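Chemist: Got a predicted structure plus its sequence, pasted below:
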Amino acid sequence: MKELFRRTGKSFSAGQNRTDAIPDDIWVKCPSCGEIIYQKQLNENLKVCPKCGYHMRLTAREWLGILDVGSFEEHDAHLWPADPLNFVSAQGSYAEKLKETQQRTGLIDSVISGLGAIDNLPFSLAVCDFDFMGASMGSVYGEKMARAAERAADLRIPLVTINRSGGARMQEGVISLMQMAKISMALTRLTAVQQPHISLMVDPCYGGVTASYASVADIIIAEPGANIGFAGKRVIEQTIRQKLPAEFQTAEFMLEHGLIDMVVARTELRALLSRLLHLYQNRRQPVTTVNTSTVNHMPIANH
Amino acid sequence: MNVTPTASQEQRSPWDRVQIARNPQRPRTLDYIQGFTEDFVELHGDRRFGDDQAVVSGLASFNGQTVMIVGHQKGRDTRENVRRHFGMPHPEGYRKALRLFKHAEKFGFPVFCLIDTPGANPNKESEERGQANAIAESILTMAALRTPIIACVIGEGGSGGALAIGVADRLLMLENSVYSVASPEASASILWRDSSRAPDAASAMRITAHDLLDLGIADEVIPEPEGGAHTARGAIIKALAERLHTHLSTLQALDMPTLLEQRYVKYRSIGRYQEHAQHIFDTLIKDASAFMRRS
C-alpha cells in the first residue's frame, strides 16, 4: 500500500508559483484583531492569527501543509475546463474568463486532488481553491471530486474533502447542477466498501456543495466562524425582508442546530484527522464488500 | 424520441417558455395524479418535524400496478399558494420525499417524480432545519435506490430544489418546461447584478427542454399542444402517462444491478472537460517507469 504513496516527483505546476512569489519576510495585519504578524510565523500557524485565533483563508496548495511532508501525490491534474454552453455575456466569454483566471492564479480549475497521508495513514484528498472563480462547481470540480471518491473506494481508503465554495459554476448552467448528482453517485461506491468520507467545511461554503456531498459525509467538521449554508445570507434577507443575526449560518450555528459533528480549530485539525483515520482503520470486524455487482470499476473515458 | 416542433413553437424564445412553464393554469402534480392514476392515497409528513404541502406524495395505481408518486405542488390561487409555499419545499418536504423513496424501495414500487418548483425555500427556518442536508440526503438516497425512478419536469425545474427529487433512471421534460441551475432572475442577478436581464439569462443558460436534450441531460422531450400544456390538459396528461408507461416497461425488464449500473453511468458521465494530452503522456511515462522499477 505504501508504494502507492511514494512521492513520484510529479511536479506541482499548478498554483505553486503563487506561494513562492510571496516573500517570507513581510508583515501581515490580522483582518479581525488588527495584530501585525510576521508572515513566516503566520504560515507556520496555518494562517491562524496567534493573537485572536482568526482563521485566514488558505489556498488549496497551502492546505496540503496539513499532510505528512512529501506524502501528497497529485492526480487528475490534466483535467481542464471546457465551455459546454459557449457561454458569452456582456462582460465577456467564459473561455476568456477561464484563461484570465488560470493565468492569475496558476490553477487550472478550482479543485486539487490526489493521495496523501497523515501520520502515515493514507487517504484520498480533494481540496477546493476559492481563488479560482469562488471555487464554483463546474465539470472539472465534479469530475475531480467523483474520481477522488472512486479512488478512495478502489484503494479501500478514506476520503477527505476540504470544501469551500460559492456554489454552482453559472457559466456551465445545468451541467454544473448535475455535478451534485455525479459526486453523490461516486460516493455510493465508497459506502459500498465501508470507507468513511470526512468533510471539512471552510469559510465560505454554500449552494450546490453544501446541498450535496459535503453535507452527507460520515463526519462533518467546520472551522470556527466559517459561514455555511444553502442559500446566501443576502438572498434570505431579501426573501424575508429582515436582517439576519451575525451568528446565523456560522459553524457554531450549524453545530447548535445539529447539522455538523464539530467545530475544530485549524491548528487542531491534523491531530483530529490522525485520530479519526486511526479509529476507522482499527476495525476488528472484517470489512465486507456490500452489493459487489454495483461496485465494478467504471473505466475512465477519454473525452 | 426526437420532436419536431411546429413553426410557432420553434420561434418561442426561452423566456417565452419560462412564462408558459409558470402559467398558473398549467397542470400541476395533482392534476397528473388525478388524470392518469387510480386509487391515489396521499401520504403525509416526514416523521421528524412536519408535513410540507409544497410536496405531495403517495401511492396510486398506474396501469394496474402500484407506484409511488412524489411531486412539487404549486397552488392554483393565492390562498393555496401560501399553504403550499409556492411549490418551494422546506427541509421537511424533502425528508418526506426521502422517507417515501425508501418506502417504495422496501415494497418494490417504482417511483415517479414530477418536478415543478422555483427552487428550495430560501428562508431562515429552512437553514435552521438543514435545507442543504435534506437535499443532499435525498440526492444520495436516489442515487442508490433499488427501484426504477422516472422523473419528469412538468413546469419549472429550479436548481437543487428540483434535483432533490430528480435523480432518476430517465429524465423526461415537457416541451415548455425549463430546468436550470438558478432561476433566470437569480442567474441575471449573479452574472450581471441585474435581475431585470432575466430574459437574457434564460437564453444564455440554456434551460429549455430541447437544450437539456442537446446537453445529454434530458432523455426525452414530450411535445405539448400548440398553445402549451394548459390549453389541452387531457392531451398532455395522456401523453405523459403513455411515455411513463413505455419507460417503466423498459426499466422493469432490467435486473437490479443493471438498472443501478446504468443510473451510475448516466450521472457519472455528465460534464464536459478536456484531458490534456501532455499530462496523459507524462502519466504514461511515469507509470511505465514505475512498472519497470518494480519488475
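Modeler: Nice, thanks for sending it over.
Chemist: Please enumerate the strands of the stretch 51-200 of chain A.
Modeler: Along the stretch 51-200 of chain A, counting by DSSP state E, counting those that start in this stretch, strands occupy A:73-75, A:79-81, A:88-89, A:92-93, A:111-118, A:121-128, A:159-165, A:197-205.
Chemist: per-residue confidence for A:V295?
Modeler: For A:V295, the pLDDT comes out at 43.
Chemist: Could you do B:I115 as well?
Modeler: B:I115 is assigned 98 on the pLDDT scale.
Chemist: Isn't it up against B:G166?
Modeler: Yes. Between B:I115 and B:G166 there is a contact under Cβ atoms under 8 Å: 5.5 Å. For the C-beta atoms, the positions are set from N, CA and C on the backbone; glycine is no exception.
Chemist: thinking again about what came up before, now render the strands of the stretch 51-200 of chain A as TSV, adding distance to chain B, mean pLDDT and mean neighbour count.
Modeler: Written out in TSV, the entries for the strands of the stretch 51-200 of chain A read as follows (distance: least, Cβ to the nearest Cβ, whole Å; pLDDT from 0 to 100; neighbours: other Cβ atoms under 10 Å in any protein chain shown):
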stretch	distance to chain B	mean pLDDT	mean neighbour count
strand A:73-75	9	97	19
strand A:79-81	4	96	23
strand A:88-89	6	84	16
strand A:92-93	11	89	12
strand A:111-118	11	98	24
strand A:121-128	15	98	26
strand A:159-165	11	98	26
strand A:197-205	9	97	24
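Chemist: Can you lay out those as TSV showing distance to B:G45?
Modeler: Listed next are those as TSV, based on distance: least, Cβ to Cβ, whole Å:
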stretch	distance to B:G45
strand A:73-75	45
strand A:79-81	43
strand A:88-89	44
strand A:92-93	48
strand A:111-118	39
strand A:121-128	36
strand A:159-165	32
strand A:197-205	29
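Chemist: mind listing what A:L121 touches?
Modeler: Counting by Cβ atoms under 8 Å, 6 or more residues apart in numbering or on different chains, A:L121 touches A:274, A:277-278, A:281.
Chemist: Neighbour count for B:I115 and B:G166, which is higher?
Modeler: B:I115 (30 against 24; other Cβ atoms under 10 Å in any protein chain shown).
Chemist: next structured bit after the helix or strand that contains the more buried one?
Modeler: Assigned by DSSP states H and E, B:I115 belongs to strand B:111-117. Per DSSP H and E, strand B:111-117 leads on to helix B:124-128 as the next helix or strand towards the C-terminus.
Chemist: average pLDDT across the next helix or strand after that following helix?
Modeler: Using DSSP H and E, the helix or strand that follows helix B:124-128 in sequence is helix B:131-143. Computed over helix B:131-143, the mean pLDDT rounds to 98.
Chemist: for helix B:131-143, packing partners?
Modeler: The contact analysis (3 or more Cβ pairs under 8 Å, 6 or more residues apart in numbering or on different chains; DSSP states H and E) places helix B:131-143 against helix A:173-192, helix B:91-107, helix B:159-163, helix B:256-268.
Chemist: Relative to the whole chain's centre, how far out is it?
Modeler: Counting by Cα atoms, centre = their mean, to the nearest Å, helix B:131-143 is centred 13 Å from the centre of its parent chain.
Chemist: Output it in CSV, but only the C-alpha positions, please.
Modeler: Only the C-alpha atoms of helix B:131-143 are listed here, as CSV (Å, rounded to 0.1, in the frame of the first residue of the first chain):
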residue,chain,number,x,y,z
GLN,B,131,-32.1,22.6,3.9
ALA,B,132,-28.7,21.7,2.4
ASN,B,133,-28.6,18.4,4.3
ALA,B,134,-32.2,17.5,3.4
ILE,B,135,-31.5,18.0,-0.4
ALA,B,136,-28.1,16.2,-0.2
GLU,B,137,-29.6,13.2,1.6
SER,B,138,-32.4,12.9,-0.9
ILE,B,139,-29.9,13.0,-3.9
LEU,B,140,-27.7,10.4,-2.3
THR,B,141,-30.6,8.1,-1.5
MET,B,142,-32.0,8.3,-5.0
ALA,B,143,-28.5,7.6,-6.4
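Chemist: for that helix, which positions count as buried?
Modeler: Neighbour-count burial for helix B:131-143 flags B:131-143 (criterion: 16 or more other Cβ atoms under 10 Å in any protein chain shown).
Chemist: Reformat these as TSV; add distance to A:V127.
Modeler: Below are those laid out as TSV (distance: Cβ to Cβ, whole Å):
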residue	distance to A:V127
B:Q131	25
B:A132	20
B:N133	22
B:A134	26
B:I135	23
B:A136	20
B:E137	24
B:S138	26
B:I139	22
B:L140	22
B:T141	27
B:M142	27
B:A143	24
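Chemist: ok, so of the residues you listed, who is nearest B:P225?
Modeler: B:M142 (30.8 Å; Cβ to Cβ).
Chemist: so how far is B:L98 from the closest residue to that closest one other than its chain neighbours?
Modeler: Nearest residue to B:M142, sequence neighbours excluded (Cβ to Cβ, 6 or more residues apart in numbering or on different chains): B:V167, at 3.7 Å. As defined by Cβ to Cβ, to the nearest Å, B:V167 lies at a distance of 12 Å from B:L98.
Chemist: So between these two, which is more surrounded?
Modeler: Counted by other Cβ under 10 Å, B:V167 and B:L98 do not tie: B:V167 has more neighbours, with 28 against 23.
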